[in-house]
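Visitor: Turn this into a model:
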Amino acid sequence: MPNSHPSPSPSLLRGIAWRLAAVLALCACIGAVAAQEYSFRNYAQADGLQGLSINCLYADRHGVVWACTELGLHRYERERFEQIGADTGFGSPLVHAIAEDRRQRMWVGTSNALYVGDGRRFAAVPAADGRRLRVDQGQSLAAFGDDIVVLSDKRPLRISAGATGGWQVAALRTADAAPLAEVYSVTAIGEALWLGCGRALCRLDAQGRLQRLGRADGVPDDIWLALLRDRNGTLWARSIHHILAWPAGAAGFSERAPPPGSGLSTMAVGINLVEDAAGRVLTRSDTGLLRWEGGQWRAFERAQGLEALAPNIAPLLSDRQGRLWMGTRGRGVQRWLGYGLIQHWEEPQGLATAPTWSILRSRGDGRLYVGSEMGANVLDPVSGRMLPLTDTDGQALRQTVQLVDAADGTLWLGQSSGRVLRLDRGSGRMREQAKVLPALKCMFFDDAGTLWILTTRGLFLLPAGEPSAQPARDLPRDQFVGGGYDARHRLWLVGQNGLYLRQAQGWQSIRLRGTGLPDAELDKFSISASDEVWLSFGDVGVWHGQFEPRSASVSLRKVDDPLLARILPYVLHQDRQQQGRQPDPGPGGCSPCGRCSCSCCAPPAPAKRSPPARSCRGRSSRSNSPSRPPARSAAATPSASATASRACRNNGPSPNRRISATPCCRPAITRWRCRRWTNASAPAATWCAWSSPSCRPGGAARWRGSRMRWPRRCCWPRCGTGG
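Guide: Residues are numbered from 1 along each chain as shown. Model (predicted):
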C-alpha cells in the first residue's frame, strides 16, 4: 500500500538510483519482502504551503517550482514552500496562472490583478481604464512574440511594452480586426496561439489569421481547457470530456478515449496536459491520473490500491529534473517519489501474485524476467505487459526464486523446492536440469560454465554437461547467502558472517570497516566495475565503500538518504539496460570501459621523462622517485614496430581527448594503467601508461613532486577486455 514519506534529496536520489542500477548483480537472496508500492510526498501547511487548493503549478527557467493557491503565491525552496509576501509588491491572495515571456519576465494572474516581475519583485499591470485586470482560471496566460496574452472575463487581451514606458493593454484581434470572445484557454505553440474558443478550437497565427476547428475537423463540441505539443510533434487537446491528439503528418485530430473505468466528466480548476521526461503525456481523470504509453492510456487510480494518491488532483507539473508534481483541491501539493526512476507492475499488468523473488535483465535477448511466489513472467517490450512462463507441464512456475543467464543463451530458473530448470529461448522449451536440497536461495555460473547453487543446506556445483549437482568442497566455514562474479572475473561468496574472495591460494576473508556497522548478519552484496561495494545487513539501510585489494578490506559508510535509511533492502541488482544514462565517471572524469562498448578517455598529456615501469601487482624497478619534476611535458614516443597500427598511434593520450568506442574495442589499445603521485608541497599528478599488441609501451604522462607513492589499486580499466 502506498505511503507518504519525507522527501529525499532529488540529486542524491538520482545518484543512488543510478549507482544501484550500475552495480553488478550477484545474487538477490530470499528475505523479508515488502510489497511494491508508489510513494508520494505531501506538502501542506506544515511545509510552508498556506493555501491547500492548488490552481496551477509552474517551473520557471531556473527550475524553481511555483504553486498558485487560494492564499497566495508560493515558491519551493529547500524542501519547503515559501509564501511570496507583500514586501515583494505582490498582494493578491487568489492566484490563477503563471507564465514567463521571452524577456524572462514572470507574469502572475490573480482574481483581481495581473503582476509582472523577476520572481523577487512584482508590480501590478493596470488595464486601459486604470483599473486592475482580473485574470481567469486555467491556462489564461501565454507569451506571444514579445507580448503576453491574458484572458480576462473570457476576453483575450494583448499586453505589450509601451514606447515611453508602462504597458499597453488592448483586445486581441484577428487580421480583419474582429475581436474574440468566449475564450476559455490560450496556449502559445510555435508562432501561433491556440485558443479554446466557444465550444471549438481556434488557431491564430502571427499574421492574425484565424482558423476555427470544429466537428468537421474531429473536434467535438466542448469547452477546451488545455493544449500541448509533445517532443514528437503531436498536438494534444483536452476538454472536460475529451482528449484529442493530432500526430505530426496526420490529417487532423483523433480521439484518445480513456480506458474503461476512467471517466472524464467532472470539471476541475487547473486541468492541463504535461509531458514527462520520458516523453509520455499525462492528464487527470475523474479518479486519478492517465498516462499515455505504448499507444494507450495507463490509469493510476485509488481503486488500484493507490490510497495515498489524492482523489481530486488537477494541475500537473513535470519539472526539468523529471519530478512529477500534482496539485489537489484541499490537500496541497503531492510529489511522486522516484517518478521516472521506478517502473511498477502489478497483477492487472500480468505480473504473477507477489511477493517477487527475483529479477533478471537477460543478456540473451535483453528482456526482463521476473520470478514471483505464484509464477514467473517475461516483460513484453511491445505491450509493456508481463507474460507468463510455464513449467514443463504447463503449470505456473511457483516460488521461482532465481533467474540466471547461461553462456549458451539459455535461461536457468531455480525454485525454492530445489528444482533447477532450463529454458531454451529459441524453441521455448522448458526442461528440468537438476534437483538439490531445499531451500534454494541463489544460483550463478562461473567462468568454466559450472552452476553454483546455494541452499540453506549447503552449496552445490553443477558442472557443464554433468547430469547432477554435487556438494562443493574446500569452502570457508559459513552459511552462504549469495555470491557471483564481478566485472574483473573475481569470484565472491557472501556468508552470514563475512565476505569472501577466491584467490589463487584459496579463499580470502574481506575485512569490513566502518563506524556504526550493524551487529547483524551480512545479507546483500554487489560490487561495481570500479570496485565500489554496496551491501546491506539484516537491518535497515544500505552501506557502500571502496574495496581495497591490498588490505583486503572495505571501508564502509552508510548511504545518507532518508528513503533508504528506513528500508530493509531486498535486491541490489544491475540492470544491463541503462536507458540512456551515462555511467559514473571513472578516473579523470572518464567513463569506464565495457566489453566492446567502451567510452575511454585519454589520460593527461604525457611527460618527456617517465617513471619506472611497473605492473599492477609488481614492484617498481627503482626504489626512489625522481628528485624533481621534469622541466616540461612532451609526448612520449611509443616503442612500436614498423607495422604499428595507425589507430594505436592516433589514440595515444592527449589533453582532454576522448577515444572513440570503436578503436577502443579493437586490439589497438588493450590496457591502461595509471599511478598517482602525491607530494605534501605540490599538487598531485598522475602517470598513465598503455600498451597494445602492436605498440608497447604506448607512452607515459607527466608528474609533479619529488616523492612518489603508489595507490592501492589500478585506477584505469582495461579497454576491450571488459574493464
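Visitor: give me the beta-bridge partners of the residue nearest to residue 214 when sequence neighbours are not counted?
Guide: Distances taken as CB to CB, 6 or more residues apart in numbering put residue 200 closest to residue 214, at 4.5 Å, once the chain neighbours are dropped. Backbone N, C-alpha and C define where each C-beta goes, glycine included. Beta bridges link residue 200 to residue 197, judged by DSSP bridges.
Visitor: just checking, residue 200 touches residue 219?
Guide: Yes. Counting by CB atoms under 8 Å, residue 200 touches residue 219, with 6.0 Å between them.
Visitor: These two: which is more packed in?
Guide: Each of residue 200 and residue 219 has its neighbours counted (other CB atoms under 10 Å); residue 219 has more, 22 against 18.
Visitor: Tally up the residues packed near the closest residue to residue 372 other than its chain neighbours, please.
Guide: Closest residue in space to residue 372, ignoring its immediate chain neighbours: residue 352 at 4.1 Å, by CB to CB, 6+ apart. When neighbours are defined as other CB under 10 Å, residue 352 has 22 of them.
Visitor: Could you check which helix or strand contains residue 352?
Guide: Secondary structure assignment for residue 352, by DSSP states H and E: no helix or strand.
Visitor: The residue nearest to residue 214: what's it in contact with?
Guide: 212-214, 219, 221, 224 (CB atoms under 8 Å, 6 or more residues apart in numbering).
Visitor: Would you map out the domains in this protein?
Guide: 343-461, 474-581, 593-723 (automatic domain parsing).
Visitor: as a whole number, average confidence for the longest one?
Guide: Put plainly, it is domain 593-723. Domain 593-723 carries an average pLDDT of 35.
Visitor: same deal with the second one?
Guide: Taken as a whole, domain 474-581 has an average pLDDT of 86.
Visitor: One more: stretch 134-141?
Guide: In this model, stretch 134-141 has an average pLDDT of 97.
Visitor: What distance do you get for the closest residue to residue 117 other than its chain neighbours to residue 148?
Guide: Once flanking residues are discounted, residue 117 sits nearest to residue 106: 5.6 Å by CB to CB, 6+ apart. As judged by CB to CB, to the nearest Å, residue 106 and residue 148 stand 10 Å apart.
Visitor: Residue 534 too?
Guide: From residue 534 to residue 148 the distance is 50 Å (CB to CB).
Visitor: Comparing those two, which shows the higher neighbour count?
Guide: The neighbour count for residue 534 versus residue 148, taken as other CB under 10 Å, is higher for residue 148 (27 against 24).
Visitor: Please tell me the pLDDT value assigned to the more buried one.
Guide: So, for residue 148, pLDDT stands at 97.
Visitor: correct me, but it touches residue 142?
Guide: Yes. Residue 148 lies in contact with residue 142 (CB under 8 Å); the separation is 7.2 Å.
Visitor: can you list residues touching both of these two?
Guide: residue 99.
Visitor: number of nearby residues for residue 448?
Guide: What residue 448 shows, counting by other CB under 10 Å, is a neighbour count of 8.
Visitor: from now on call the first residue 276
Guide: Okay, residue one is now 276; in that scheme the one you just asked about reads as residue 723.
Visitor: That one in helix, strand or coil?
Guide: In three-state terms, and counting by DSSP: H, G, I helix; E, B strand; the rest coil, residue 723 is coil.
Visitor: thinking again about what came up before, what sits in contact with each of residue 475 and residue 494?
Guide: By CB under 8 Å, 6+ apart, the residues touching both residue 475 and residue 494 are residue 488.
Visitor: wait, isn't residue 430 in contact with residue 459?
Guide: No. Counting by CB under 8 Å, residue 430 stays clear of residue 459, with 11.2 Å between them.
Visitor: Neighbour count for the two, which is higher?
Guide: residue 459 (23 against 15).
Visitor: Pretty sure the more buried one sits in a strand.
Guide: Yes. Secondary structure of residue 459 (three-state DSSP): part of a strand.
Visitor: residue contacts, the nearest residue to it once chain neighbours are set aside?
Guide: Counting by CB to CB, 6+ apart, the nearest residue to residue 459 once its immediate chain neighbours are dropped is residue 471, at 4.0 Å. By CB under 8 Å, 6+ apart, residue 471 lies in contact with 458-461, 477, 498-500, 502, 514.
Visitor: Kindly recompute the last result at 10 Å.
Guide: Contacts for residue 471 were tallied using CB atoms under 10 Å, 6 or more residues apart in numbering; they are 413-414, 426, 429, 457-462, 477, 497-502, 512-514.
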